[in-house]
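> Got a predicted model here, sequence first, then my questions.
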Amino acid sequence: LLLIPPSMATFPPLQNDLILRAARGEQVERPPMWVMRQAGRYLPEYHKVRAGHDFFEMCRTPEIASTITLQPIERYEDLDAAIIFSDILVIPQAMGMVVEMVEKKGPHFPEPLDTPEDVAKLKRLGEGCDVKKELGYVFEALTLTRQKLAGRVPLLGFIGAPWTLMAYMIEGGGSKTFTKAKSWLFKYPEDSQKLLQDITDVAVEFLAQQVVAGAQMVQVFDSWAGELSPVEFAEFSLSYLRQISKRVPERLAELGQERVPMTVFAKGAWYALEALCDSGYNVVGLDWTHDPAEARKIANGRVTLQGNMDPNVLYGGKAAIDKAVKRIVEGFGGGKQGYIVNLGHGVTPGVNPEDLGFFLRKNHEYGSA
Ligand code: CP3
């Protein structure tokens, strides 16, 4: 396949726009479905490609990233969206930080942010961080994947939310307590806001350029939202999530692009569902701590809800999966309006691909009834 510059590409017509219609709140024949981390370590075909490659090297190689993105689409006919193979930590990399993916451990920053003085060393949008240059490989991967998809299903782009990225940049990796990142919020509130704003500026441009390159819907992952109290969430996370939902469409208009549906997934922030339904996003992703019917009552038609089966149900066997899917689809009112099927978090490496296939089939069945 020829690599066409992202901004000049034209794409084959879309044959399945179920997820785009559901995101806009329209009545649909059945709920669309995709799963977080659908391209990943539970798939043997992923491991085949992964062998002999560094994780971020795969992200930076459009041919490999597009191949992995398509693997679940080729395996499961029930999927209604593809999500680009990449990572939320490409933003800290574009801002000048080194991030490695350590086997069996996860992401590692050899030099995390230690004090507010370190923020000044980061490259900011227009000041050392040229998004089209630093993240050009993501745009190329999106364009190539969109061509290879040939209109089968829409292609999703994504970013990490400012708070979640800040937490990684300070902790230097995952954490049980988030002591370092959270102590910044209390010790250096103004420097924290400045860091969050710098991340937001890059994130807005990155997300808008993903749409230019071929993303047809986008998701913001705030994986560590649940570490914050409602007060800190409002101040240090939600305000930036709102900025993103407002500024991305504005930037797209400047770039002469149509707006695309936007999803926010603030894991663990169940207390903020009311506010998230009013934060400028079309879709709100839910983890498994929400009761579907309760969440639907709170959303009250303002947004489409996405989720929310505990990924661990996939280890419970077919009867357990069947029971959970039936209950969840019913909880979301049958799924024909305002609902997108997903898990409450990413599919984990030990899941049997056949059990995920069964999950999708059952959703298809109960969601069509
Ligand atoms: O299929 C998809 O969902 C698209 C690709 C995707 C990946 N990461 C690939 C990946 C997406 C959307 C992400 C987002 C991401 N990355 C998040 C937000 C979602 C979430 O899980 O809360 C976060 C927090 C990260 C950071 C990250 N990347 C961690 C903590 C880890 C290690 C732990 C883990 O689950 O593997 C990664 C690595 C990673 N990102 C892998 C994949 C397929 C596994 C890497 C490997 O092969 O070793």
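Yes, it's here.
> which bits of the protein sit near the ligand?
Residues of the chain found near the ligand (C-beta under 6 Å from any ligand atom) are 36-41, 50, 55, 83, 85-89, 101, 106-107, 158, 174, 221, 223, 346. Every C-beta, even on glycine, is put in place using the N, C-alpha and C of the backbone.
> Can you report how many residues lie near the nearest residue to Asn16 once chain neighbours are set aside?
Distances taken as C-beta to C-beta, 6 or more residues apart in numbering put Val153 closest to Asn16, at 5.1 Å, once the chain neighbours are dropped. Counted with other C-beta atoms under 10 Å, residues neighbouring Val153 total 20.
> got it, and the one 10 residues further on?
The number of residues packed around Trp163, counting by other C-beta under 10 Å, is 28.
> so where do the helices sit in the stretch 51-200 of the chain?
Under the criterion DSSP state H, counting those that start in this stretch, helices of the stretch 51-200 of the chain are mapped to 55-59, 62-75, 90-94, 131-134, 136-149, 162-171, 179-187, 189-213.
> Is it possible to get JSON lines of those helices that adds mean pLDDT?
Shown next, in JSON lines, are those (pLDDT from 0 to 100):
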{"stretch": "helix 55-59", "mean pLDDT": "98"}
{"stretch": "helix 62-75", "mean pLDDT": "98"}
{"stretch": "helix 90-94", "mean pLDDT": "98"}
{"stretch": "helix 131-134", "mean pLDDT": "97"}
{"stretch": "helix 136-149", "mean pLDDT": "98"}
{"stretch": "helix 162-171", "mean pLDDT": "98"}
{"stretch": "helix 179-187", "mean pLDDT": "98"}
{"stretch": "helix 189-213", "mean pLDDT": "98"}
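> Find the one among those with the highest mean neighbour count.
Most buried of the helices of the stretch 51-200 of the chain by mean neighbour count (mean count of other C-beta atoms under 10 Å) is helix 162-171; its value is a mean of 25.
> which other helices and strands contact that one?
Applying 3 or more C-beta pairs under 8 Å, 6 or more residues apart in numbering; DSSP states H and E, we find helix 162-171 packed against helix 90-94, helix 179-187, helix 189-213, strand 217-222, helix 239-254.
> How about residues contacting the shortest one?
Just to be clear, that refers to helix 90-94. Residues from elsewhere that reach helix 90-94, judged by C-beta atoms under 8 Å, 6 or more residues apart in numbering: 56, 59, 99, 109, 123, 129, 131, 134-135, 138, 159-160, 165, 168-169, 199, 202-203, 206.
> Kindly recompute the last result at 6 Å.
99, 129, 134-135, 165, 169, 202 (C-beta atoms under 6 Å, 6 or more residues apart in numbering).
> Relative to the whole chain's centre, how far out is that helix?
15 Å (C-alpha atoms, centre = their mean, to the nearest Å).
> Then stretch 64-78?
Averaging C-alpha positions (C-alpha atoms, centre = their mean) puts stretch 64-78 17 Å from its chain's average.
> and if you look at stretch 284-300?
Centroid displacement of stretch 284-300 relative to its chain, using C-alpha atoms, centre = their mean, is 18 Å.
> check contacts around the residue in the stretch 151-300 of the chain that the ligand sits nearest to.
Scanning the stretch 151-300 of the chain for the residue nearest the ligand gives Ser223, at 3.2 Å (criterion: C-beta to the nearest ligand atom). Going by C-beta under 6 Å, 6+ apart, Ser223 touches 164, 267.
> 8 Å instead, please
Going by C-beta under 8 Å, 6+ apart, Ser223 touches 88, 160-161, 164, 265, 267.
> now Phe109
92, 97-100, 168-169, 172-173.
> If we use 10 Å, what do you get?
Phe109 makes contacts with 89, 92-93, 97-100, 168-173, as judged by C-beta atoms under 10 Å, 6 or more residues apart in numbering.
> What of His47?
40-41, 349.
> One more: Arg152?
Counting by C-beta under 10 Å, 6+ apart, Arg152 has contacts 12, 14-16, 70, 73-74, 77, 79-82.
> Mind checking which of the residues of the chain next to the ligand are buried?
Buried by 16 or more other C-beta atoms under 10 Å: 36-40, 50, 55, 83, 85-89, 101, 107, 158, 221, 223, 346, out of the residues of the chain next to the ligand.
> mind listing which of these are in strands?
Those of these mapping onto strands are 83, 101, 107, 158, 221, per DSSP state E.
> Who does the nearest residue to the fourth one once chain neighbours are set aside form a beta bridge with?
Pointing back at Phe158 there. Leaving aside its sequence neighbours, Phe158 sits nearest to Gln219 (C-beta to C-beta, 6+ apart; 4.5 Å). For Gln219, the beta-bridge partners under DSSP bridges are Phe158, Thr263.
> Could you number the chain from 325 rather than 1 from now on?
In the new count, where the first residue is 325, that last one comes out as Gln543.
> okay, now Gln543: neighbour count?
Burial measure for Gln543: 25 neighbouring residues, criterion other C-beta under 10 Å.
> Could you check how far it is from Asp442?
Distance, Gln543 to Asp442, by C-beta to C-beta, to the nearest Å: 29 Å.
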